[in-house]
Every structure is written in C-alpha cells, then in structure tokens.
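Enquirer: dropping the sequence and predicted coords here.
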Amino acid sequence: MTPLHTEAAPTAVVHEHITDAMKAPDLLRLTDNIVLARFETMKIYAALGAVRTLLERGTISPGQTLVDSSSGIYALALAMACHRYGLHCHIVASTTVDATMRAQLEILGATVDQMPPSEDLRLDQERRVRRVRRLIAERPGMHWMRQYHDAVHYAGYRELADLVDDALPGAPLAVIGAVGTGASTGGLVHPLRERGRPVTLLGVQPFGSVTFGSDGFQDPEAIIAGIGSSIPFDNVRHHLYDTLHWVDFRHAMAGAVGLLRDHAVFAGLSTGAAHLVAGWEAARHPERTHLVIGADTGHRYTEKVFTRHREAPDPRTLRPRQITTLDDLAMPWSVMEWQRRPYDAASARTMEKSAS
C-alpha cells in the first residue's frame, strides 16, 4: 500500500491537440528499482515524429494520404497525427483490430481495410503487406509510412529520451520493452547512450517471431500482436540489444494480471511480458533502475486475457531458461545475453555458438 503523504498543488497544462496530452507516459515506481512508463498509446511519439519530419523534408504535403499496416496501436497514432496535420489516413488493419479501435479510426477520418478473421498472425501480417503494396501500385499519390522499415520512426523518441533522462538521472538504467518494429526501444536507448548514459537494453519477444530467431516455434494462444514479426523489419537494430527474453502467451498473461493485481495498472500483454522480465532482472541486478515500457492499455485484451485472470500463473513462481545459443531456445520463457551483436538469420546459430 502506498503511504499517505501531502503533495504540492499540481500545475495544469493546456494542450493544443490531444496528441500532446496522450504521448508522454505516466512514470510509476513499482519497486525500489523498477519504474513503469505507462502509455495510453506509445506510438504517438513515432507517428508524430515521422509525420513532422516528412513534412519538413517535403516528402509529404498537407492533404496527401498516408497508408500503413498495423495491428492497432500504430494505426490509432497515425490517424491522430494525420488529424493534427491535415492529412488523410488509410489503415490496412490486422484481424486483431477490434470494433472499438475500428470505430475510433473511422471517426477520426481514416479509411480502414481489415483482413479477414485468422488464427494465424503470420498469415495476417503477410496479407496486410501485400494489400499495402497493391494500394501503392493502384494509387501512386499515397505515401507508405513503412513503420517496419523507415528509420524516420526513430525521430520522435528523442523527446521521450529527454523525459527519461530528466526523470531518472544518475543510476545505471535498464530499459525493458517489446522489440516490435525496433523503433520504440531503439529510439529511446540510442540517444541516451549518445549522451554517455550507461543503458542496458533488454528486448522482449514472443515465440514464433523471425526477428530474433524463434520462428520455429508455435504458441497456440499467442495474440501478443505488435511485439514480434513473421517478416524481417529493417527498423530492428539488433546490435542495440544486450539481452533477449522470449516469453509465451501464458507468461505474458501472468505479468499483465500481476501488474493489475499488485499495482492497479491495466496494461497490455507486451507490458505484462516486460513486467514479468523486470521482476527477474531486478532481483539479479539491484544496482540498476529498470524502466518497463508499458506501450498501451489492456482494453483490447480484456476478453482473451483479463476475463481469464484465474488461469494466470503466479509471476513469483516463474523463472526463465538461461541459454547461450538459439539451438537451446525453449518455451515457455528463455533468456539469452545478446551482447549487442548483429543478427543474420542464415548464420545466427553458428555465430552464437562460436561466441559462447
């Protein structure tokens, strides 16, 4: 229970657009050395930074249509950025985008192509990319944002790096977050390291993702949309990551339910996975401040995760399998010291064996 104390009267800020109010996280101390950066929609940083940069370069113009594929969070962020800067938005949406999200997108003025229902998120992602390619061929005036590949999506996270540097000065910092497109964790950590801060980056991946070599696995319940991929992402800079954790659905659920139960924070599955990882890492490295990236709220996971909360394991009983090569990767939770190395899918296992 949080102790009672008296706080100074808050200072209110009047924002000119909702994106300014939503983009910055609330920072919440969970333990002595774990802090949660809780976002409503983290990718507003990426979308705003990218759109601003492209407008400044003259790559896009007001009134133009921006298009991209998304499993939900980026779609809303891009629609809001387009709303702010007088642009049109077209989203090729994942099967995981629910009615609530779709309604928000349409009211914001976005047009939405949604993939047919599919239990295979790999097939869903491939379909989305093919659909975007067809749209660009048919309508050359559209600009494809390419959130998975265009480094312009790193730009907005420098502002987040400033916030973190001011709020958490001094102590060695460990950032824990879903890898996803690579832009959020990489875009935060790279500017901090440029300033000389000792920052460790711990990436979280689902099983079944090609990004760090777990594509040979299948997690039947995996709905951790947005933290892994069935296709390579150019925006993932593998050499930025110190440690990798692969977490299955049930372990991510345990972290998400535990976060709500213990700290009253309702957050998504990627946050749950990062929260689980943080508990284990913080016990091993008490000298570090562990910053957990909470990319979004738990609303889109209500039915498949939170209504099943009685099924969730106790996070305190869970431990990862510690491995030194991808050949030893195993469900439900594995951890490996990545050591800021590049990644080549064709030679990864040989490379890791020789380095271990």
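Expert: Arrived safely, thanks for sending. Numbering: from 1, shown residues only.
Enquirer: and the nearest residue to Ala93 once chain neighbours are set aside, what does it touch?
Expert: Using C-beta to C-beta, 6 or more residues apart in numbering and skipping the chain neighbours, the partner closest in space to Ala93 is Gln114 (4.4 Å). The C-beta positions use only the backbone N, C-alpha and C, and glycine is treated the same way. For Gln114, the contacting residues are 92-95, 97, 102, by C-beta atoms under 8 Å, 6 or more residues apart in numbering.
Enquirer: centroid residue for this protein?
Expert: Ala178 (4.6 Å; C-alpha atoms, centre = their mean).
Enquirer: quickly list what it is bridged to.
Expert: Val204 (DSSP bridges).
Enquirer: state the distance from it to Arg319.
Expert: 20 Å (C-beta to C-beta, to the nearest Å).
Enquirer: likewise for Val175?
Expert: 22 Å.
Enquirer: who has more neighbours out of those two?
Expert: Neighbours per residue, other C-beta atoms under 10 Å: of Val175 and Arg319, the larger number sits with Val175, 26 against 9.
Enquirer: in a strand, that one, correct?
Expert: Yes: applying DSSP: H, G, I helix; E, B strand; the rest coil, one finds Val175 inside a strand.
Enquirer: need the pLDDT of it.
Expert: Predicted confidence (pLDDT) for Val175: 99.
Enquirer: with Ala9 instead?
Expert: 61.
Enquirer: Arg84 now?
Expert: 98.
Enquirer: tell me who's in contact with it.
Expert: Contacts of Arg84 by C-beta under 8 Å, 6+ apart are 17, 19, 48, 51.
Enquirer: roughly how far apart are it and Ala77?
Expert: Arg84 is 11 Å from Ala77, by C-beta to C-beta.
Enquirer: Glu337 is in contact with Thr243, isn't it?
Expert: Yes: Glu337 lies in contact with Thr243 (C-beta atoms under 8 Å); the separation is 5.7 Å.
Enquirer: which ones are touching the residue nearest to Ser70 when sequence neighbours are not counted?
Expert: Distance criterion C-beta to C-beta, 6+ apart; nearest residue to Ser70, sequence neighbours excluded, is Ile91 at 5.8 Å. Residues in contact with Ile91, defined by C-beta under 8 Å, 6+ apart, are 67-70, 75, 78-79, 105, 110-113.
Enquirer: quick check: bridge partners of Ile91?
Expert: Under the criterion used here (DSSP bridges), Ile91 is bridged to Asp68, Val112.
Enquirer: lowest-confidence entry in the contacts of Gln114?
Expert: Within the contacts of Gln114, lowest confidence goes to Thr95 (80).
Enquirer: list the contacts of that residue.
Expert: Applying C-beta under 8 Å, 6+ apart, the residues contacting Thr95 are 114-118, 121, 124.
Enquirer: export these to TSV and tack on secondary structure, distance to Glu40 and pLDDT?
Expert: Compiled in TSV, the contacts of Thr95 are given as follows (DSSP: H, G, I helix; E, B strand; the rest coil; distance: C-beta to C-beta, whole Å; pLDDT from 0 to 100):
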residue	secondary structure	distance to Glu40	pLDDT
Gln114	strand	22	88
Met115	coil	25	81
Pro116	coil	29	79
Pro117	coil	27	72
Ser118	coil	27	70
Leu121	helix	24	65
Asp124	helix	25	74
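Enquirer: any chance of a markdown table for those residues, columns distance to Asp327?
Expert: Supplementary listing: those in a markdown table, determined by distance: C-beta to C-beta, whole Å:
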| residue | distance to Asp327 |
| --- | --- |
| Gln114 | 38 |
| Met115 | 34 |
| Pro116 | 36 |
| Pro117 | 35 |
| Ser118 | 30 |
| Leu121 | 25 |
| Asp124 | 29 |
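Enquirer: tell me how this structure divides into domains.
Expert: 18-42+156-355, 44-151 (automatic domain parsing).
Enquirer: which parts of the stretch 251-356 of the chain are strands?
Expert: Here the stretch 251-356 of the chain has its strands, by DSSP state E, counting those that start in this stretch, at 289-294, 321-323, 333-337.
Enquirer: re earlier: and of the contacts of Arg84, the nearest to Gly182?
Expert: Taking C-beta to C-beta as the measure, Gly182 lies nearest Leu48 of the contacts of Arg84, at 17.9 Å.
Enquirer: I'd like the average pLDDT over the host helix or strand of the closest one.
Expert: Assigned by DSSP states H and E, Leu48 belongs to helix 44-57. What helix 44-57 shows for mean pLDDT is 98.
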